[in-house]
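Engineer: pasting a predicted model and its sequence here:
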Amino acid sequence: MPIKIPNSLPATEILENENIFVMTENRAMHQDIRPLNVLILNLMPTKIITETQLLRKLSNTPLQIEVEFLKTASYVSSHTDPTHLDTFYTTFDQIKDRKFDGMIITGAPLDYIDFENVDYWEEVCTIMDWCKAHVHCTMHLCWGAFAAFYHYYGINKRDADTKLSGVYEHEVVKKKSPLFRGFDDIFYAPQSRAMYVTEEDLKEHPELEVMAVSDKAGLTIAKTKDSRHFFVACHAEYDADTLALEYFRDLEKGMNPTIPYNYFPNDDPSKAPIVRWRSTGQLLFSNWLNYYVYQSTPYDISTVQ
């Protein structure tokens, strides 16, 4: 939350230049408060794990948030109990006439599959188009980010020769951005994907801006200049053991996976992973929710456009 200080206090300019969120008395007096409505399109097969990971990050804020989960109707997950989906999830037809302050579109394990060959591609495109007029700010995660790049801008994903897996160093490009308040100049975050786009791909689209990059993992975070859409290729929401579970799963399948980079101590899978990204995850989601949803969404949610 911001600190509220007198309008003319000399420290105001200093703090703002240090990228610290300051709210003047005048702004505080005119601020209306209500619960935020956030919709999560969960495309992951391990739905309960993903629910828990995202809710853990969204809960690390004093804001009151009402979260709803959305499932695809054109494809039914076989990895989750149908009772769970019927109880806790809704479909697009049930919410298409409503408006939301924020939305998260998750990743999906769809490496090396062309977007048009994804079973629910048309439905996801419909939802992404709907977001433009019905959601104030949307965060697209991993596959969800690459799907949005392709659908909105025609930027097709590139397939990597080997899967990117591990915990990588990332550099903050836009250091004055509220998204990175509290971040170090270099931050760690997990990556788990075999697709990518480049900074050069985005330069052809002036409405997009690069926010964070990695020497080894490439473009990691971007957004639209109007801050209505965020594209996050990393997995700052991951649990400590998520990459380990993926590694051992692929190992059992005989896929001969590489040991996740910078994850197990001394690259020894028998040792517990070192968590280097917990604070990154908390800050990323809290900053997005606070500065790009709560601070800018209209009080009357029906006026989102």
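Structural biologist: Arrived safely, thanks for sending.
Engineer: what residues of the longest helix along the chain count as buried?
Structural biologist: If you go by DSSP state H, the chain has its longest helix at helix 121-134. Using 16 or more other C-beta atoms under 10 Å as the test for burial, helix 121-134 gives Trp121, Glu123, Val124, Cys125, Ile127, Met128, Cys131, His134. C-beta here means a position set from N, CA and C on the backbone, and glycine is covered the same way.
Engineer: who does the residue at minimal distance from the centre of the chain bridge with?
Structural biologist: Against the mean C-alpha coordinate of the chain, by C-alpha atoms, centre = their mean, the closest residue is Leu141 at 4.2 Å. As for beta bridges, Leu141 partners with Val232 under DSSP bridges.
Engineer: quick check: it vs Ala272, distance?
Structural biologist: 26 Å (C-beta to C-beta, to the nearest Å).
Engineer: what residues are up against Val167?
Structural biologist: Tyr188, Ala189, Pro190, Gln191, Leu243, Pro260, Tyr261, Asn262, Tyr263, Ile274, Arg276, Trp277 (C-beta atoms under 8 Å, 6 or more residues apart in numbering).
Engineer: sorry, back to before: between the buried residues of helix 121-134, which is nearest Lys203?
Structural biologist: Closest approach to Lys203 among the buried residues of helix 121-134 (C-beta to C-beta): Met128, at 22.3 Å.
Engineer: so for the longest strand anywhere in the chain, what gets flagged as buried?
Structural biologist: In the chain, assigned by DSSP state E, the strand with the most residues is strand 158-172. For strand 158-172, burial by neighbour count (16+ other C-beta under 10 Å) applies to Lys163, Leu164, Ser165, Gly166, Val167, Tyr168, His170, Val172.
Engineer: can you check stretch 84-101 too?
Structural biologist: Neighbour-count burial for stretch 84-101 [16+ other C-beta under 10 Å]: Leu85, Tyr89, Thr90, Phe92, Ile95, Lys99, Phe100, Asp101.
Engineer: would you confirm that the second one contacts Thr72?
Structural biologist: No - contact between Tyr89 and Thr72 fails when scored by C-beta atoms under 8 Å: they sit 9.6 Å apart.
Engineer: hang on, Ser286 in a strand?
Structural biologist: No - under DSSP: H, G, I helix; E, B strand; the rest coil, Ser286 falls outside any strand and is assigned helix.
Engineer: which residues sit against stretch 122-135?
Structural biologist: The contact list for stretch 122-135, computed with C-beta under 8 Å, 6+ apart, reads 39, 41, 43, 70, 72-75, 92, 96, 98-103, 105, 118, 138, 147-148, 151-152, 228-229, 304-305.
Engineer: which ones among those lie within helices?
Structural biologist: Secondary structure defined by DSSP H assigns Phe92, Ala147, Ala148, His151, Tyr152 of the contacts of stretch 122-135 to helices.
Engineer: can you tell me the average pLDDT over the longest helix of the chain?
Structural biologist: Averaged across helix 121-134, the pLDDT comes to 97.
Engineer: next one: stretch 149-159
Structural biologist: On average, stretch 149-159 scores 97.
Engineer: right, and the helix or strand after the longest strand of the chain?
Structural biologist: strand 186-196 (DSSP states H and E).
Engineer: in the helix or strand just after that following strand, what counts as buried?
Structural biologist: Later in the chain than strand 186-196, the nearest helix or strand by DSSP H and E is helix 199-203. With burial defined by 16+ other C-beta under 10 Å, the residues of helix 199-203 counted as buried are Asp201, Leu202.
Engineer: okay, now the sheet partners of the helix or strand that comes right after helix 199-203, with direction.
Structural biologist: As assigned by DSSP H and E, the chain's next helix or strand after helix 199-203 is strand 208-214. Note on strand 208-214: by DSSP bridges, its sheet partners are strand 158-172 (antiparallel), strand 218-224 (antiparallel).
Engineer: where does the protein have low pLDDT?
Structural biologist: 1-12, 14-15, 18-33 (pLDDT under 70).
Engineer: return the closest of the buried residues of strand 158-172 with respect to Glu16.
Structural biologist: Among the buried residues of strand 158-172, Val172 lies closest to Glu16 (C-beta to C-beta), at 17.8 Å.
Engineer: how close does that closest one sit to Val210?
Structural biologist: Val172 is 11 Å from Val210, by C-beta to C-beta.
Engineer: likewise for Lys253?
Structural biologist: 35 Å.
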